[in-house]
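Colleague: Here is a sequence together with a model predicted from it:
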Amino acid sequence: MSINWRKTIDKTKEFIKLSLKKYSIFLLHLTPHQNVAQTVLTYTLLGWMVLSLPFMTRGGVGFLDNLFTSAAAVSTAGLQTVNFADSYTFLGKLVVLVLIQIGGVGYMTFSSFVFLALAQKHRLHKSQQEALSVEAKLPETLKLSDFLWSALVFTTIAESIGVVFLFNYFRHHDYSLLNAAWYSIFHSVSAFCTAGYTLWNNNLVDFTDSKTINIVISCLSLAGAMGFIVAVDVFNFIRRKTKEISFTTIIILLTTTVLLAFGTFTLFVTTPHLSLAEAFFQTMGASTTAGFNTAEVGQLSSCSVLILLLIMCIGGSPSGTAGGVKTTAFASVVAIVYSHLRLNPRVEFLGHRIPVQRLYAATSTVILYMAFLFVSVFLLTWTEKLPFLNILFESAAALSTSGFSMGTTAQLSVLGKLIIIGTMLVGRIGVVTFSLALLFTDDDEKAHPSTAQRADVAV
């Protein structure tokens, strides 16, 4: 019996067109927060399907491990249940690199660029604009259109500069032309997107004494973690479009600097075998939630591990590539405590009064973050027979989308891997955004549109 290929192709096209139409209708009924959540899940599932193809791995990688890798790449968490460098082929690593770029730049930002490229009218739908605003958590002073293009330009420039420096380093260290290009592109993207993925088995431990690798990776990770708000704000200030640096940028720069100084000093003091440069690099990896390490985390003192845990839970900044509760939320909570201890009814930070709405957002973020972390730790202590500190660190690394691990990830059971996958995705979506996606319905969105949009904006 012969197959009518023309008829089969026509039916396939019709099915795809109908499916896309129904999917578009489905998206229209989602709230902006639900739109963000479903986009993350969609990219994760697509990545899982592609990575599960036979020629993507070198064998021995199960379906669950491929799902874990896809989730870790999209969430830019960098945690691994298999040896990434040896388990995936070039094509598999290329797919992971694309997923990292999508997760780092922003899934809604990436989707918006794709839509604008394919649409006849170069204009985003209202639902897309709302979802992009939710994902980016922009302050009211920054326009969405400015952010969209600035994010693309900033990402391209930062990653390109990283590629140039890394390529020059690898070419001078016996790498072939193609390998030098591939290694420089992969690690530049991974660093800027704070993903923590490397093409070596022991992360960056072999490059402990390399000033070039340490400086370039640190600069890229910090640039991505501090975010596009800072980049746009500083750029506008340099071009004299604005008269002064915004308060949000000042908070981000100050908090990041304090965390880096505090973490570096503490790690240097509590772990004798760490040099000052190594202490800074591990702190940077935690603060940016990149998870790059030039020293084995499992060999650090318990004091140093706790400091890294605290710093990576605070994480990066709004609209950046890092996870965590964000520096602005942390600064707001510190301001609340300080004002309360001073018996000051006004909550101020550096002489600026913080609006009540921002305080609600900050406290909600911190409380929800602690709640999700507790649930993840509770479930893992139930399913896994591992030291409690390892479980706590693993959960914190997953929720903050940091690639740090004490060697626990590969030892997780099936249930443990599923719990960490869920924790990573919640961390990348954002604890507030995820909670609103679950609790805030379309009817609630229509009834309280302004409240929903301001629920998790930047300070």
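Modeller: Yes, it's here. Numbers count the residues shown, from 1 in each chain.

Colleague: what residue ranges in this protein score low on pLDDT?
Modeller: Applying pLDDT under 70 to the chain flags the ranges 1-5, 19-30, 106-148, 440-459.

Colleague: Can you give me the end-to-end span of stretch 203-220?
Modeller: With CA to CA, to the nearest Å applied, stretch 203-220 spans 16 Å between its terminal residues.

Colleague: now that stretch, how far from the chain's geometric center?
Modeller: 20 Å (CA atoms, centre = their mean, to the nearest Å).

Colleague: list the contacts for residue 41?
Modeller: residue 425 (CB atoms under 8 Å, 6 or more residues apart in numbering). For every residue, glycine as well, the C-beta is placed using N, CA and C.

Colleague: any idea how far residue 403 is from it?
Modeller: Counting by CB to CB, to the nearest Å, the gap from residue 41 to residue 403 is 21 Å.

Colleague: How about residues contacting stretch 256-267?
Modeller: Residues contacting stretch 256-267 (CB under 8 Å, 6+ apart): 222, 225-226, 274, 276, 279-280, 282-284, 286-287, 300, 303-304, 307-308, 311, 314, 316-317, 327.

Colleague: Restricting to C-alpha, output that stretch in CSV.
Modeller: These are the backbone C-alpha positions of stretch 256-267, laid out as CSV (Å, rounded to 0.1, in the frame of the first residue of the first chain):
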residue,chain,number,x,y,z
THR,A,256,26.9,43.7,45.5
THR,A,257,30.2,45.4,46.6
VAL,A,258,29.4,44.8,50.4
LEU,A,259,28.5,41.1,49.8
LEU,A,260,31.7,40.6,47.7
ALA,A,261,33.9,42.2,50.4
PHE,A,262,32.2,40.4,53.3
GLY,A,263,32.3,37.0,51.6
THR,A,264,35.9,37.3,50.4
PHE,A,265,37.1,38.3,53.9
THR,A,266,35.1,35.6,55.7
LEU,A,267,36.1,32.8,53.3
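
Colleague: Residue 283 is in contact with residue 304, isn't it?
Modeller: No: between residue 283 and residue 304 there is no contact under CB atoms under 8 Å: 9.5 Å.

Colleague: So between these two, which is more surrounded?
Modeller: For residue 283 and residue 304, the more surrounded residue by other CB atoms under 10 Å is residue 283, and the numbers stand at 26 against 23.

Colleague: give the contact list for the more buried one.
Modeller: Contacts of residue 283 (CB under 8 Å, 6+ apart): 259, 260, 263, 264, 267, 307, 308, 311.

Colleague: measure the fourth one to residue 381 for me?
Modeller: Using CB to CB, we find residue 264 at a distance of 31 Å from residue 381.

Colleague: List phi and psi for residue 12.
Modeller: phi -60, psi -40 (degrees, to the nearest 10).

Colleague: Number of residues surrounding it?
Modeller: Neighbour tally, residue 12, other CB under 10 Å: 10.

Colleague: thinking again about what came up before, out of the contacts of residue 283, name the ones that lie in helices.
Modeller: 259, 260, 263, 264, 267, 307, 308, 311 (DSSP state H).

Colleague: Mind putting those residues into CSV with distance to residue 197 and neighbour count?
Modeller: Below are the ones in helices among the contacts of residue 283 laid out as CSV (distance: CB to CB, whole Å; neighbours: other CB atoms under 10 Å):
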residue, distance to residue 197, neighbour count
259, 23, 20
260, 22, 19
263, 22, 25
264, 24, 22
267, 23, 27
307, 24, 24
308, 19, 27
311, 20, 26
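
Colleague: And the strands in the protein?
Modeller: 348-349, 352-353 (DSSP state E).
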